[in-house]
Structures are given as C-alpha cells and as structure tokens.
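# just the structure for this:
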Amino acid sequence: MFKILRIVFCLLSVACTAVTIFIFISFGLWGLLPLGGALAFAALMFICKNAQESKERKLNPPAPEGDFITGKVKKENTDEK
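Now for the predicted structure:
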C-alpha cells in the first residue's frame, strides 16, 4: 500500500512542479500555490517511504552485527560438532 502511495505522491509532486513554471510565467506569484502542493506531496512521499521501511524492518529485522565492544555475533543454529 505504501509503495503505491509513494508512486502516486511522486507523480503528483512532479506534475505540480511542471505546472508551477507555467503559472509563474502567466500569473506571477500565483505560482507559489502549485509549488506548495509539490512540497506537500513530496513530504507525503517521504512519510510513506519511512512508514514502508519501518514496516518492512518489523517484519524482517536485519541480521545482528557485532562491533569492537561486544565482539563477533554468535551463530545460534550451527550444525558443527
């Protein structure tokens, strides 16, 4: 769902940006309205992106990694004897 929303918001943002140029040329400062719409749709696109990534991270968490303090991560399912 979030992926579809990201695509839709991206397309709307690009469309508003394209219209902004012509409105600035024809009507002056009225071009700020579609520019604001483009910024709003871009913000919604990034919000959906963050929501999608957090949902995917909950469903499939990344593998644990060790560092210089804790050392290597111990493998839980080893078949070595």
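# pLDDT below threshold where in the chain?
Residue ranges of the chain with pLDDT under 70: 64, 66, 70-71, 73-81.
# ok, the residue positioned nearest the centre of it - contacts?
In the chain, the centroid-proximal residue (Cα atoms, centre = their mean) is K49; its distance is 2.6 Å. Neighbouring residues of K49 by Cβ atoms under 8 Å, 6 or more residues apart in numbering: 2, 6. (C-beta placed from N, C-alpha, C; glycine too.)
# how about 6 Å then?
K49 is in contact with R6, counting by Cβ atoms under 6 Å, 6 or more residues apart in numbering.
# which parts of the helix or strand where it lies count as buried, going by neighbours?
Under the criterion of DSSP states H and E, K49 resides in helix 32-59. Neighbour-count burial for helix 32-59 flags 34-35, 37-38, 41-42, 44-45, 48-49 (criterion: 16 or more other Cβ atoms under 10 Å).
# off-centre distance for that helix?
6 Å (Cα atoms, centre = their mean, to the nearest Å).
# kindly report the same for stretch 7-23.
On Cα atoms, centre = their mean, the centre of stretch 7-23 falls 17 Å from that of its chain.
# also stretch 10-28?
That offset, for stretch 10-28, works out to 22 Å (Cα atoms, centre = their mean).
# need the contact partners of it.
With contacts defined as Cβ under 6 Å, 6+ apart, stretch 10-28 is touched by 30-31, 34-35, 37-38, 41-42, 45.
# okay, those residues in CSV with distance to F2 next?
Output for the contacts of stretch 10-28, formatted as CSV (distance: Cβ to Cβ, whole Å):
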residue, distance to F2
W30, 33
G31, 30
P34, 25
L35, 25
G37, 21
A38, 20
F41, 15
A42, 15
M45, 10
